[in-house]
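Novice: This is a predicted model, with the sequence first.
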Amino acid sequence: MPSSPDTAPPSSRPFSQSTYQVRLEWGVDGLARLAPADVVVVVDVLRFSTTVTDAVAAGGDVPLDAAAHAVSLNGAAVAAAADPGATVLLGCLRNAAAVARAVMAEQERRGARTSIAVIAAGELAARGPAGPLRFAVEDQLGAGAIIDALGALGIDHTAPEAAAAAESFRALRGAVRHLLTASGSGQELLGRGLRDEVLAAASVDAVDTVPVLRDGVFVAS
């Protein structure tokens, strides 16, 4: 009997991106669609990835559960859903190049071609973890910045979805500050008096820290 799309081997599932080293999807459901990857990079620019990255850069360790309650559910849900055998990193615009270097270091440590799933968290269009996912331009740009940085290091066998994100970042890099403040997520945060936080999130390669999830806690990689 033919396999169903969910039970078929990754190589035969059309949305698994299994033939590519660098893959891109959206949210928890997107992560489940992809073939298992050695490294999962969670991108939730406003605000999970950025907030946790800055906290770890300042010398702190950040428990996943605490960050989910204090910051946002989106990125936390993706990190929690990653395969236990995967290395889970947090990426954003602020540490895009550092994430690429961390992935390269992991590949060198493993001594083998390393698959990377870049997961843009998106935004929940309704309250609660089961709400529908909304496209978030800030996460598209953050994912694209990381994929672009990977390509600069020679990790450039990218799925079409990943390549499109990288090209969007390259084309729009000069407008990132405007795009983040003008986006729906940015406008929501500006309405809460968090303009400085949004502008900080738009700073590309401002920090060298890459949070990695170990035993339920984000620490410096």
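Specialist: All right, it came through fine. Residues are numbered from 1 along each chain as shown.
Novice: What is the neighbour count of G191?
Specialist: Neighbour count of G191, defined by other CB atoms under 10 Å: 9. For every residue, glycine as well, the C-beta is placed using N, CA and C.
Novice: and what of the one 4 residues further on?
Specialist: Number of residues near R195 (other CB under 10 Å) recorded here: 13.
Novice: Run through the neighbouring helices and strands of the host helix or strand of V103.
Specialist: Per DSSP states H and E, V103 falls inside helix 96-110. Applying 3 or more CB pairs under 8 Å, 6 or more residues apart in numbering; DSSP states H and E, one finds that helix 96-110 contacts strand 39-43, strand 87-91, helix 137-152.
Novice: Let's see that with 10 Å instead.
Specialist: Where contact means 3 or more CB pairs under 10 Å, 6 or more residues apart in numbering; DSSP states H and E, helix 96-110 is packed against strand 39-43, helix 48-57, strand 87-91, strand 116-120, helix 137-152, strand 211-214.
Novice: Taking the centroid of this protein, which residue is nearest it?
Specialist: V43 (2.2 Å; CA atoms, centre = their mean).
Novice: what bits of this protein have low per-residue confidence?
Specialist: Within the chain, the segments meeting pLDDT under 70 span 1-12, 125-131.
Novice: Pairing partners for the residue nearest to the centre of the chain in the sheet, please.
Specialist: Bridge pairing for V43 (DSSP bridges) gives the partners G91, A120.
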